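Chemist: After the sequence you'll find the predicted model.
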Amino acid sequence: MSNFPIVATILSMILGLSVTRLLLGVLTVFRIRRAAKPDWVPLAWAAMLFTTQLDFWWAVNALPAIKVTFTFLEFLLLVLLALSLFVASALLLPSRSEDEQNGLQVYFEQDGRYALLSLSAYLFLGLVVNVSFFKASPIALWGVLDVIMIALPLCAFIARSREQYASIALAYIPITAFDLVVSLAGSTVGSQFDRR
């Protein structure tokens, strides 16, 4: 008997909250654009995070074709994936205009950059899920791509100068786009699930 409906419902609830939180952050930045200058770096990360959220959500819909029944441990790991996306969404952009008194760049440098840790955690957990649950080979193109995608947000988090973390964000954009195209061309989505 398949327990996928339970898995899909919980994951969709968390992902729905995650997408909502990210979009509310974008609206907050728009609403206070006259009082606090927007910054392209966190907005670029927000766009990449949004595509990652949609990618994961699409992959969840493909799960029944790959695996019908999930153990509780597998369920918990999938929930951790969704929760890491939620945490990244909640941290990346301000949720209140008071949070952005000094501009989006200052907010990102003080608080928003912590979202990059959660994004790397999501990508790392996705690698673990693909290798352990779906027996995907980590030495395939997707595995190498995932390692790069895990490392870059960590490097951007560690970087202290704007030039460094902005350059990393610019480098991450085409990698994310390539990852999405490769996964869609392979009939799988994102860095998740059955990437052999």
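Modeler: That came through, no problem.

Chemist: Report the contact partners of the closest residue to residue 21 other than its chain neighbours.
Modeler: Nearest in space to residue 21, with sequence neighbours left out and distances taken as C-beta to C-beta, 6 or more residues apart in numbering, is residue 89 at 4.3 Å. In this view, the C-beta of every residue, glycine as well, is placed from N, C-alpha and C. Neighbouring residues of residue 89 by C-beta atoms under 8 Å, 6 or more residues apart in numbering: 18-19, 21-22, 25, 49, 53, 115.

Chemist: Can you tell me which of these comes closest to residue 136?
Modeler: residue 53 (21.1 Å; C-beta to C-beta).

Chemist: where does this protein have low pLDDT?
Modeler: Applying pLDDT under 70 to the chain picks out residues 1, 97, 99-100, 186-196.

Chemist: At which residues are the helices of the protein located?
Modeler: Ranges of helices within the chain are 4-31, 40-66, 72-92, 104-107, 114-132, 141-158, 162-185, based on DSSP state H.

Chemist: packing partners for the fifth one?
Modeler: Secondary-structure packing of helix 114-132 (3 or more C-beta pairs under 8 Å, 6 or more residues apart in numbering; DSSP states H and E): helix 40-66, helix 72-92, helix 141-158.

Chemist: Among the contacts of residue 89, which one lies nearest to residue 71?
Modeler: residue 18 (23.9 Å).

Chemist: So the closest one sits against residue 84, correct?
Modeler: No: counting by C-beta atoms under 8 Å, residue 18 sits too far from residue 84 to count as a contact (9.3 Å).

Chemist: With residue 109 as the reference, name the closest of the helices and strands packed on helix 114-132.
Modeler: Of all the helices and strands packed on helix 114-132, helix 40-66 comes closest under C-beta to C-beta, at 9.4 Å.

Chemist: Give me the angle between that closest one and helix 141-158.
Modeler: Helix 40-66 runs at 150 degrees relative to helix 141-158, counting by axes from the mean of the first three to the mean of the last three C-alpha atoms, to 10 degrees.

Chemist: for helix 40-66, packing partners?
Modeler: On a contact count with 3+ C-beta pairs under 8 Å, 6+ apart, helix 40-66 meets helix 4-31, helix 72-92, helix 104-107, helix 114-132, helix 162-185.

Chemist: List the buried residues in it.
Modeler: For helix 40-66, the neighbour count (16 or more other C-beta atoms under 10 Å) marks 41-46, 48-50, 52-53, 55-60, 63 as buried.

Chemist: quick one, what contacts residue 90?
Modeler: With contacts defined as C-beta under 8 Å, 6+ apart, residue 90 is in contact with 21, 115.
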